[in-house]
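J.: next comes the sequence, and after it the predicted model I'd like to discuss.
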Amino acid sequence: MYNKLKNLILIIAFVVPMASYGQVFDPVKGCVVDNNGKCISNTLLTAVPFLRITPDARSGAMGDAGVALSPNSNAMHFNASNLVFAEDQSGFSFTYTPWLRNLNLDDIFLLYVSGFYKLDENQAIGGGIRYFSLGDIDFTDQQGGSLGTGRPREGEFTVAYARKLGDKLSASLSGKYVFSNLASGLQVNGVDINTASAFAADFGLNYRTKTNLGGYKGEWSYGLALTNIGSKISYTRDNIVRDFIPANFGLGTALKLDLDQYNSLTFALDFNKLMVPTPIAKKILMEDGTLKDNPEWDKDGNKIADYREKSLFSGILGSFGDAQGGISEELKEVSISFGAEYWYDKQFAFRGGYYYESSEKGNRRFFTVGAGIKYNVFGIDLSYLIPTSVIPNPLDNTLRFSLLFDFSVFKADGAQ
């Protein structure tokens, strides 16, 4: 049973990019429809979607918000430009996220390790390693014969440099290497499967300013992050069609208020949009109920959807205006994350949040809750996800945790 579920994950990884081939677009309703004429999801499709999984428990407890949050080492994932505003000189974190634990699969997980070091008041460097394991899978042919056992896995290695451009503004540039080994060495329908790989970059901006709101001193933070801007990848040697990785445009803001000497409250709001082509339906529903071929699906006649053949920058720049349903569909491709965080004496934290995605673009919707504790050199964050849509979430009923370390404490003690 477990092996069948894992094989289903791999099937989705290879087949999902082809899923829109049978879709039908209704110009009147402005959406892709099913056989009953009801609007259905037209999800943006990419390879290596694990790059967009929120890796840390703090943001995971705040509805996945993090573009403009007060920084720790996990800012490497959201917006590395935050690092130069960190209160600590250095930091290190380790996060373990069980995957599909609700299905009793205990060998599928995501690991994330990240760290940073402030060179001085104006510069910081950081690094991160992400590893996604799908456990052990017994591969079989169409007749059920054994093809051996494999260990599908994916990973990312990232380094970043951040610098202040002024007292309130900072910028960052990150470089990363991504690999995806799902079934390397096997053949699917006579096609050899290889390990896919890509090089990518992140760019971030962060602006922070002091404020006074309702008599409480605080800080406003605004962030912009362009992440996973990189080469398209392929799992086959022919490279006839290469798939986009999940390039993302993120905007975020956060407001931290110091209620008194011991209590503080933070609110965070993020907007995210994948910068990849919107899938184009192969058929169009006419007013008389008949179907006709969509002329925009395959203009060059090579039987491959044109949106999948776009170049990297054509796909990214065109992603803000290529939806069949126009601006209304483009707006539905924006996901919203909202979170709140309460700290007592900078030692105990309680968090909550909500994540929203349109029903026509994936329909992921869930509440999140969590807590954190920090003492001297050591900290721990916990988060829990509560789904509110009918779409199952891989983190349903799953507790994930992050460990954080501040090694600069030892240096301060030594200086004394």
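T.: Looks like it came in fine.
J.: who's in contact with Gly353?
T.: 61-65, 268, 337-340, 367-369 (CB atoms under 8 Å, 6 or more residues apart in numbering). Where you see a C-beta, it was placed from the backbone N, CA and C, and this is true even at glycine.
J.: wait, Leu255 touches Phe267, no?
T.: Yes. In this structure, Leu255 is within contact of Phe267 by CB atoms under 8 Å, at 5.0 Å.
J.: name the nearest residue to the residue positioned nearest the centre of the chain, sequence neighbours excluded.
T.: By CA atoms, centre = their mean, the mean C-alpha position of the chain lies nearest to Arg52, the distance being 1.5 Å. Nearest residue to Arg52 in three dimensions, chain neighbours excluded: Pro246, at 4.8 Å (CB to CB, 6 or more residues apart in numbering).
J.: again, but for Leu274
T.: Leu44 is the one closest to Leu274 (CB to CB, 6+ apart), at 4.7 Å.
J.: for that neighbour, grab phi and psi.
T.: phi -70, psi 130 (degrees, to the nearest 10).
J.: which residues does it contact?
T.: Counting by CB under 8 Å, 6+ apart, the residues that Leu44 touches are Leu274, Val276, Thr278, Pro279, Glu333, Lys361, Gly362.
J.: same check, this time on Asp202
T.: So Asp202 contacts Ala80, Thr158, Ala160, Ser172, Leu173, Ser174, Lys176, Ala225, Leu226, Thr227, Asn228, Ile229 (CB under 8 Å, 6+ apart).
J.: what's the weakest-modelled helix or strand in the protein?
T.: helix 2-15 (a mean of 48; mean pLDDT, DSSP states H and E).
J.: so Cys39 touches Asn363, yeah?
T.: No. Using CB under 8 Å, Cys39 and Asn363 do not qualify as a contacting pair, with a distance of 11.2 Å.
J.: count the residues that sit near Arg153.
T.: A count of nearby residues for Arg153, using other CB atoms under 10 Å, gives 16.
J.: and Phe199, by the same measure?
T.: Phe199 has 10 nearby residues by other CB under 10 Å.
J.: what strand or helix carries it?
T.: strand 196-213 (DSSP states H and E).
J.: pull out the buried positions in that strand.
T.: For strand 196-213, the neighbour count (16 or more other CB atoms under 10 Å) marks Ala196, Ala198, Ala200, Ala201, Asp202, Phe203, Gly204, Leu205, Asn206, Tyr207, Arg208 as buried.
J.: beta partners for the second one?
T.: Pointing back at Ala198 there. Note on Ala198: beta-bridge partners Val178, judged by DSSP bridges.
J.: helices of the stretch 301-416 of the chain, start to end?
T.: Under the criterion DSSP state H, counting those that start in this stretch, the stretch 301-416 of the chain contains helices at 312-318, 327-332, 408-415.
J.: chain center to the first one, what's the gap?
T.: The offset between the C-alpha centroid of helix 312-318 and the centroid of the whole chain comes to 19 Å, using CA atoms, centre = their mean, to the nearest Å.
J.: low pLDDT regions in the stretch 201-350 of the chain?
T.: 239 (pLDDT under 70).
J.: how about the strands of it, start to end?
T.: 216-230, 248-258, 263-274, 283-285, 291-293, 334-344, 348-356 (DSSP state E, counting those that start in this stretch).
J.: what helices or strands is the second one leaning on?
T.: Yep, that's strand 248-258 we're talking about. strand 196-213, strand 216-230, strand 263-274 (3 or more CB pairs under 8 Å, 6 or more residues apart in numbering; DSSP states H and E).
J.: partner strands of that strand, parallel or antiparallel?
T.: In the sheet, strand 248-258 lines up with strand 216-230 (antiparallel), strand 263-274 (antiparallel) (DSSP bridges).
J.: Asp56: which of those strands is closest?
T.: strand 263-274 (13.4 Å; CB to CB).
J.: can you give me the buried ones in that closest one?
T.: Ser264, Thr266, Phe267, Ala268, Leu269, Asp270, Asn272, Lys273, Leu274.
J.: now stretch 163-175
T.: Arg163, Lys164, Ser170, Ala171, Ser172, Ser174.
J.: now the terminal residues of it, how far apart.
T.: Using CA to CA, to the nearest Å, one end of stretch 163-175 lies 15 Å from the other.
J.: before we move on, what about stretch 23-34?
T.: 8 Å.
J.: report the buried residues of it.
T.: For stretch 23-34, by 16+ other CB under 10 Å, it's Gln23, Val24, Phe25, Asp26, Gly30, Cys31, Val32, Val33.
J.: residue contacts, the fourth one?
T.: Taking CB under 8 Å, 6+ apart, we find Asp26 in contact with Val32, Val33, Gly37, Cys39, Leu285.
J.: who does the closest residue to the second one other than its chain neighbours form a beta bridge with?
T.: What sits nearest to Val33 in space, not counting adjacent residues and going by CB to CB, 6+ apart, is Asp26, at 4.6 Å. Using DSSP bridges, the beta-bridge partners of Asp26 come out as Cys31.
J.: that older thread, buried ones among the contacts of Leu44?
T.: Leu274, Val276, Thr278, Pro279, Glu333, Lys361, Gly362.
J.: now render these as CSV, adding distance to Asp88.
T.: What follows is these, written out as CSV (distance: CB to CB, whole Å):
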residue, distance to Asp88
Leu274, 32
Val276, 36
Thr278, 42
Pro279, 44
Glu333, 36
Lys361, 38
Gly362, 36
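J.: so which of these is the closest to Thr97?
T.: Nearest to Thr97 among the buried ones among the contacts of Leu44, with distances taken as CB to CB, is Gly362, at 19.1 Å.
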